[in-house]
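Enquirer: need coordinates for the following:
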Amino acid sequence: MKKIRWGTLIAYIILAIFAIITVFPFIYMILGGLMSFRETTTIPPTIIPKHFEWSNYAKVFAQAPFARYFLNTFITASVTTIVSLFNALLGAFAMVNLKFKGKGVVQMVLLSLLMVPGEAIIFTNYNTIARMGLLNTYIGLVLPFLTSIFYMYYLQSYFGSISQTIYKAAMIDGASDWEYIWKILVPMSKGGLFTVALLSFISGWNSFLWPLLVTNEDSMRLLNNGLTSFASDAGSETQLQFAAATFSFLHLLSWYFFFRNQFFRGLGPIALN
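Expert: Alright, predicted model coming up:
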């Protein structure tokens, strides 16, 4: 019994240490947004500000069109999430339930494309967007991300856990594939769909490199790119960068906590597989 208790205690201590290491940067970011410029640049670094500078958040919105950055990020993340979720839903359904010639070849091609890193094709995508005249537009920001092979394969694994007899019974009752998807498959797969939606939204919200390439106007910048507004040749206003990053992070964190139950519920069937 003593060995078990000591082992459990050591495991909790190790877990607590790693939890502190993981959480500390976020805590320091929040506290840094309430510090003065001198406190954020001192060595050794200041951990707790002497006076909470709440005015930093007002300066963020006064110095840069941060509300516009927020709106752009919300629009692009939402559009990407909705369209990519719809495409992943239809693609996963086809791969699981439909039978057609060349299905194995299609799956092999899609799987091979999944292994291609996004950085390898980002400049090809940029040239395509530029030739189409879509720079500094919402369409240019979201077009390369309107479909995701990864999300399709995730939902394919999720749908694979649903018995095929349900689909066959629906067909016998005269339901079309479209009716089966929206009346049976979607209600039974809410957890997986919420997980895909949340992951897609987070990915769109944190997007940095692609918006940096296809936008060069302040009116089309996203939040992560907007942080450069607080840097100049004279140096960076680190306290304002901390405050802006905190605003962006806390908003995203609120979405996660709001949908956390659906997120973990969606991971269940995949873990069982």
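Enquirer: where in the stretch 1-150 of the chain is pLDDT low?
Expert: Along the stretch 1-150 of the chain, the parts satisfying pLDDT under 70 run over 1-4.
Enquirer: grab the most central residue of the protein for me.
Expert: Centroid check for the chain by C-alpha atoms, centre = their mean gives I202 as the closest residue, at 1.8 Å.
Enquirer: tell me the spacing between the closest residue to that residue other than its chain neighbours and F258.
Expert: Using C-beta to C-beta, 6 or more residues apart in numbering and skipping the chain neighbours, the partner closest in space to I202 is L252 (6.4 Å). Just so you know, the C-beta spots here come from the backbone N, C-alpha and C atoms, and that holds for glycine as well. The spacing between L252 and F258, counted by C-beta to C-beta, to the nearest Å, is 11 Å.
Enquirer: of the two, who's got more company?
Expert: L252 (17 against 11; other C-beta atoms under 10 Å).
Enquirer: helix or strand: which one has that one?
Expert: Taking DSSP states H and E as the criterion, L252 maps to helix 238-258.
Enquirer: what stretches of the stretch 151-273 of the chain score poorly on pLDDT?
Expert: Where the stretch 151-273 of the chain drops to pLDDT under 70, the residues are 231-235, 256, 259-273.
Enquirer: make it 50
Expert: Applying pLDDT under 50 to the stretch 151-273 of the chain flags residues 233-234, 270-272.
Enquirer: show me the helices in it, by range?
Expert: 164-172, 177-180, 186-188, 190-205, 209-214, 223-226, 238-258, 260-272 (DSSP state H, counting those that start in this stretch).
Enquirer: OK, contacts around the closest residue to S148 other than its chain neighbours?
Expert: Of all residues not flanking S148 in the chain, S84 sits nearest, at 5.0 Å (C-beta to C-beta, 6+ apart). By C-beta atoms under 8 Å, 6 or more residues apart in numbering, S84 lies in contact with 145-148, 151, 196, 200.
Enquirer: just the buried ones from those residues?
Expert: Buried by 16 or more other C-beta atoms under 10 Å: 145, 148, 151, 196, 200, out of the contacts of S84.
Enquirer: what helix or strand does the nearest residue to T76 once chain neighbours are set aside sit in?
Expert: Nearest residue to T76, sequence neighbours excluded (C-beta to C-beta, 6+ apart): L141, at 4.8 Å. If you go by DSSP H and E, L141 is part of helix 138-142.
Enquirer: buried stuff in that helix?
Expert: Residues of helix 138-142 classed as buried by neighbour count (16+ other C-beta under 10 Å): 140-142.
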